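1. A structural model of the following input is requested.
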Amino acid sequence: MRLGILALALGAAGCTRPAEERALKEQEIGRVEISGVAFTVEDGLAVVRQMEPGALTLWGSAPAFHVRAVASAGATESWTLRVRNAMPDAELSAQRGDEPLEVESLPSPLPTEKVWRVHVPAGSEVRLTVAPPMWNQPMPFRFVALADVQEALPRVGDIYRRINADPSLRFIFFSGDLTQRGTVEQLEEFQSRLQESRIPLFATLGNHELITPDPRYHEYFGRGNLHFTFHGVHFTMIDSGNGTLDPRAEESLGGWLEAGRDAVHILGTHIPLVDPIGVRNGAFASRNEAAALLGKLTRANLDLTLYGHVHSYYSFSNAGIPAFISGGGGAIPEQFDGIGRHFLSVDVDPAVGVRTVSLVRVD
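-> Now for the predicted structure:
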């Protein structure tokens with residue numbers, strides 16, 4: 001965390017809006033044109049990882065997302081779509097207007113990697129949906145909240161194995177600091193280690209992803225500011241890697257809060273808006289900004305906030321909103337707190353709210 005604080009200070013000294021470049025970059029995530037077909041992932045909920053004529057590979061950032069494919073006359077029509085970091089039960093459906101198109105499922109090497117072949121007729125527009133069955137039907141489910149792997153990346157498999165032992169957990173909601181310095185080599189290793197998990201991991205970045213002079217997080221894992229729904233519950237991630245929120249991200253947040261006002265809504269971000277202990281510099285850089293954001297969250301009837309950054313476990317209240325700090329992914333823990341590596345198991349029901357948030361110790 002000390003390295004992270006130094007990075008925040010340097011970033012603030014070099015730019016009045018340190019998160020602006022990332023917010024601008026996010027606007028182009030999920031867009032590509034190849035072989036006469038323009039692909040657009042709606043809301044940027046997947047990043048393009050590879051492309052070649054007739055083949056597209058995406059990394060998913062949400063349990064369900066849509067892709068719009070607009071094919072020009074004479075465009076390539078047979079496409080192989082590979083989605084990494086997908087739900088284990090994800091399916092692909094394709095629609096041209098009201099007409100469903102045939103989709104062929106192909107073998108894949110991992111439960112979180114899906115491969116399909118689909119026909120995109122030239123001169124047409126097709127909407128592709130990657131999602132588990134009944135993903136948009138309200139029903140109870142459970143997910144994992146996790147953060148702060150950092151230098152423990154070589155042994156994060158212990159946590160994945162503990163998660164794998166509970167078949168009811170649907171995905172990992174990760175609140176930043178995947179790596180120690182955010183280098184390409186570390187991002188590659190995080191991706192490789194994630195193959196040990198039977199479920200996908202949907203993340204925002206942390207301050208440690210920004211220590212490298214050339215942050216590449218978005219190329220690997222997509223947006224740091226994002227919003228999705230699953231079984232009637234709204235999820236929002238915001239990029240607080242510099243201890244602040246860019247105005248563009250705050251504008252998006254306003255729309256997402258309004259969309260989830262009358263539903264169960266859960267927000268995750270790396271740096272806590274406020275530090276419940278108050279002695280570790282473990283909160284937003286500006287208390288005024290944090291207070292204003294908390295006011296917005298409260299007025300929008302937010303149900304739960306999930307944080308990382310502090311390498312321990314705390315349960316407290318954000319202006320009446322239940323809040324949890326869970327930085328137990330393996331990064332050097334706070335001394336003498338006895339918490340160690342851990343994650344949270346969150347039980348949510350769209351008809352009731354957040355039922356329970358349980359601490360699961362790994363060490």
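2. C-alpha only now, for contacts and for neighbours.
-> Fine.
3. could I get the full set of helices for the protein?
-> Chain-ordered helices for the chain, with DSSP state H as the definition, fall at 2-14, 20-26, 157-164, 184-193, 217-221, 247-259, 287-299.
4. I'd like the ones you listed laid out as CSV, including mean pLDDT, distance to residue 331 and mean neighbour count.
-> Supplementary listing: the helices of the chain in CSV, determined by pLDDT from 0 to 100; distance: least, C-alpha to C-alpha, whole Å; neighbours: other C-alpha atoms under 10 Å:
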stretch, mean pLDDT, distance to residue 331, mean neighbour count
helix 2-14, 42, 12, 15
helix 20-26, 92, 25, 15
helix 157-164, 97, 12, 18
helix 184-193, 98, 14, 16
helix 217-221, 97, 19, 19
helix 247-259, 97, 27, 16
helix 287-299, 96, 25, 15
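5. any chance of CSV for these, columns distance to residue 72?
-> Putting the helices of the chain into CSV (distance: least, C-alpha to C-alpha, whole Å) gives the following:
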stretch, distance to residue 72
helix 2-14, 44
helix 20-26, 26
helix 157-164, 44
helix 184-193, 34
helix 217-221, 27
helix 247-259, 32
helix 287-299, 44
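6. for residue 47, find the nearest of the ones you listed.
-> helix 217-221 (6.8 Å; C-alpha to C-alpha).
7. the closest one packs against which elements?
-> Of the remaining helices and strands, those touching helix 217-221 by 3 or more C-alpha pairs under 8 Å, 6 or more residues apart in numbering; DSSP states H and E are strand 46-52, strand 55-60.
8. gap between stretch 127-147 and the chain center?
-> For stretch 127-147, the distance from its own C-alpha centre to the chain's C-alpha centre is 13 Å (C-alpha atoms, centre = their mean, to the nearest Å).
9. ends of that stretch, how far apart?
-> Stretch 127-147 has its terminal residues 34 Å apart, counting by C-alpha to C-alpha, to the nearest Å.
10. rewinding a little: dump the helices and strands packed on helix 217-221 to a markdown table, plus distance to residue 87.
-> Output for those, formatted as a markdown table (distance: least, C-alpha to C-alpha, whole Å):
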| stretch | distance to residue 87 |
| --- | --- |
| strand 46-52 | 13 |
| strand 55-60 | 9 |
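11. mind giving me JSON lines with those and columns for distance to residue 168, mean pLDDT and mean neighbour count?
-> Rendered in JSON lines, the data for these read as follows (distance: least, C-alpha to C-alpha, whole Å; pLDDT from 0 to 100; neighbours: other C-alpha atoms under 10 Å):
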{"stretch": "strand 46-52", "distance to residue 168": "24", "mean pLDDT": "97", "mean neighbour count": "19"}
{"stretch": "strand 55-60", "distance to residue 168": "20", "mean pLDDT": "98", "mean neighbour count": "22"}
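12. who wins for proximity to residue 80 among these?
-> The closest of these to residue 80 is strand 55-60. By C-alpha to C-alpha, the value is 4.7 Å.
13. next, the distance between the ends of stretch 254-269.
-> Counting by C-alpha to C-alpha, the length from the leading to the trailing residue of stretch 254-269 is 15 Å.
14. can you list the residues that contact that stretch?
-> Outside of stretch 254-269, the residues within contact range by C-alpha atoms under 8 Å, 6 or more residues apart in numbering are 173-176, 204, 227, 232-240, 296-297, 300-308, 350, 353-354.
15. looking at those, which are in strands?
-> 173-175, 204, 227, 233-238, 304-307, 353-354 (DSSP state E).
16. name the nearest residue to residue 348, sequence neighbours excluded.
-> Among residues not flanking residue 348 along the chain, residue 354 sits closest, at 4.4 Å (C-alpha to C-alpha, 6 or more residues apart in numbering).
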